[in-house]
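S.K.: Attaching a predicted model along with its sequence, questions to come.
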Amino acid sequence: MLVLRPSRQLSSTGEPRHIRIIRKKTSEGFSPWYLLLGATSSASGMLNLLIVQWSLIRCCKVESPWGCAESLLGFFQVFLQWLLFSIIHVLYMIYFPPHLKYQRTLPIAPQAYGSTADQASVHTIDAGADGDTDKLKVTTTPEWRLAMTLGLVIVLHVSLLLLLSLALLYTLPTTIPPHPLLQYLATFLGVSATILAVLQYAPQIYRTYQSGLVGALSLGTMAIQVPGSVLFVVSLVLRPGTDWTSWLAYAITGLMQGMLLVICLLWKKRQRELGIDDFGNSINGPETNDERRALVEPSD
């Protein structure tokens, strides 16, 4: 069910995220859970490819720079994807909106803990008629504490898995196929990257489908990402030393991006028919037909 919202001025959604955060000096609107799932998924995929193509990396000692770069192009692409997503998370923390980061609180009066009857009621300390705010305390918000906690999880995730991967790669013999322990680790990383990628996009698909609106999603960006994902998966499949654990996560991601794009195209067509924009605002003035009125007005 659609709800008409007050109109608001929005910048272009096709602007790269990194530039937009820096230019606006705010990261408001990003979900820390989306960043967590995206960062851990891309890190797992990058480490998976590091393991399965380790023999090619070792061969760079004897190969020409051009031959080495060509054989490791898939790994460089995955590494760049992880790096860019990690930069988004860093910018998210740096430009976290101050009004969402801090809050003013009043301490609870000591007598509130006296009797059971007192505890059942709410007690606060008045700042005073004279405007004295000495008793006000500035604390961090739950949103900021959640962002800090999930950021720590991201750092621990990539650090521990990177150390484990490098320790096994340098202590176990380099063989083709890789040592069984490395194969188990690569499979775990590939499967976990797939699961995290599914969890990352599933909430967005559900939200867009339920809202019936395109919202802030960029059709142009998705139109580039979907065919790009197909080419990227094909390039990984054809790369030597890769297996299904290396490309499955990106195939699932591309499929879900395609599903989201199809839903947005359907909603875009429906919005034109209803005379509303991507956020449910009327673009033709008051409703002129019964169908649109039935959709935007709350039901009894």
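M.R.: Great, that's in hand.
S.K.: Would you mind giving both backbone torsions of the closest residue in space to L162 that isn't next to it in sequence?
M.R.: Here the nearest residue to L162 in space, its sequence neighbours aside, is L47; by C-beta to C-beta, 6 or more residues apart in numbering that works out to 6.5 Å. The way it works is simple: take the backbone N, C-alpha and C, and place the C-beta from them, glycine included. The phi/psi pair for L47 (degrees, to the nearest 10) reads phi -70, psi -30.
S.K.: next one: S31
M.R.: The phi and psi torsions at S31 (degrees, to the nearest 10) take the values phi -90, psi 130.
S.K.: Please apply the same query to Q103.
M.R.: As for Q103, its main-chain torsions (degrees, to the nearest 10) stand at phi -150, psi 150.
S.K.: Return the distance of the residue nearest to L162 relative to Y184.
M.R.: Plainly put, L47 is 13 Å away from Y184 if you go by C-beta to C-beta, to the nearest Å.
S.K.: can you check H89 too?
M.R.: When C-beta to C-beta is applied, the distance between H89 and Y184 equals 28 Å.
S.K.: what residue ranges in the stretch 201-300 of the chain score low on pLDDT?
M.R.: Low-confidence segments of the stretch 201-300 of the chain (pLDDT under 70): 215-218, 240-241, 279, 284-300.
S.K.: let's see 50
M.R.: Flagging of the stretch 201-300 of the chain using pLDDT under 50 yields the residue ranges 287-300.
S.K.: the helices in it, which residues?
M.R.: Taking DSSP state H, counting those that start in this stretch, the helices of the stretch 201-300 of the chain run over residues 219-238, 244-274, 290-296.
S.K.: between these, which one is nearest to R207?
M.R.: Counting by C-beta to C-beta, R207 lies closest to helix 244-274 out of the helices of the stretch 201-300 of the chain; the figure is 10.1 Å.
S.K.: what's the angle from the closest one to helix 219-238?
M.R.: Here helix 244-274 runs at 160 degrees with respect to helix 219-238, directions being taken by axes from the mean of the first three to the mean of the last three C-alpha atoms, to 10 degrees.
S.K.: tell me which residues of helix 244-274 are tucked away?
M.R.: Of the residues in helix 244-274, those buried under the neighbour-count criterion (16 or more other C-beta atoms under 10 Å) are 245-261, 263-264, 267, 271, 274.
S.K.: how far is that helix from where the chain is centred?
M.R.: Centroid separation between helix 244-274 and its chain, computed with C-alpha atoms, centre = their mean, to the nearest Å, is 16 Å.
S.K.: Over to stretch 82-97?
M.R.: Its chain's average C-alpha position is 10 Å from that of stretch 82-97, according to C-alpha atoms, centre = their mean.
S.K.: What of stretch 47-64?
M.R.: For stretch 47-64, the distance to the chain centre is 29 Å (C-alpha atoms, centre = their mean).
S.K.: What of stretch 186-204?
M.R.: On C-alpha atoms, centre = their mean, the centre of stretch 186-204 falls 12 Å from that of its chain.
S.K.: three-state assignment of V138?
M.R.: Assigned with DSSP: H, G, I helix; E, B strand; the rest coil, V138 falls in the strand class.
S.K.: ok, now which ones touch it?
M.R.: Contacts of V138 were listed using C-beta atoms under 8 Å, 6 or more residues apart in numbering, and they are Y102, Q103, R104, T105.
S.K.: Show me where the stretch 1-150 of the chain has its strands.
M.R.: Taking DSSP state E, counting those that start in this stretch as the criterion, the stretch 1-150 of the chain carries its strands at 102-105, 137-140.
S.K.: Quick one: those strands as TSV, columns for mean pLDDT too.
M.R.: As requested, those are exported to TSV (pLDDT from 0 to 100):
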stretch	mean pLDDT
strand 102-105	78
strand 137-140	81
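S.K.: Quick check: closest non-adjacent residue to L261.
M.R.: In space, not counting the residues next to it along the chain, L261 is nearest to M222; the distance is 4.4 Å by C-beta to C-beta, 6+ apart.
S.K.: Does the one you found touch L260 like I think?
M.R.: Yes - applying C-beta atoms under 8 Å as the test, M222 and L260 come out as touching, 6.5 Å apart.
S.K.: neighbour-wise, which of H89 and Y184 wins?
M.R.: Neighbours per residue (other C-beta atoms under 10 Å) separate H89 from Y184, with H89 holding more: 21 against 12.
S.K.: so what's the more buried one closest to, chain neighbours aside?
M.R.: Nearest non-adjacent residue to H89, counting by C-beta to C-beta, 6+ apart: L35, 4.9 Å away.
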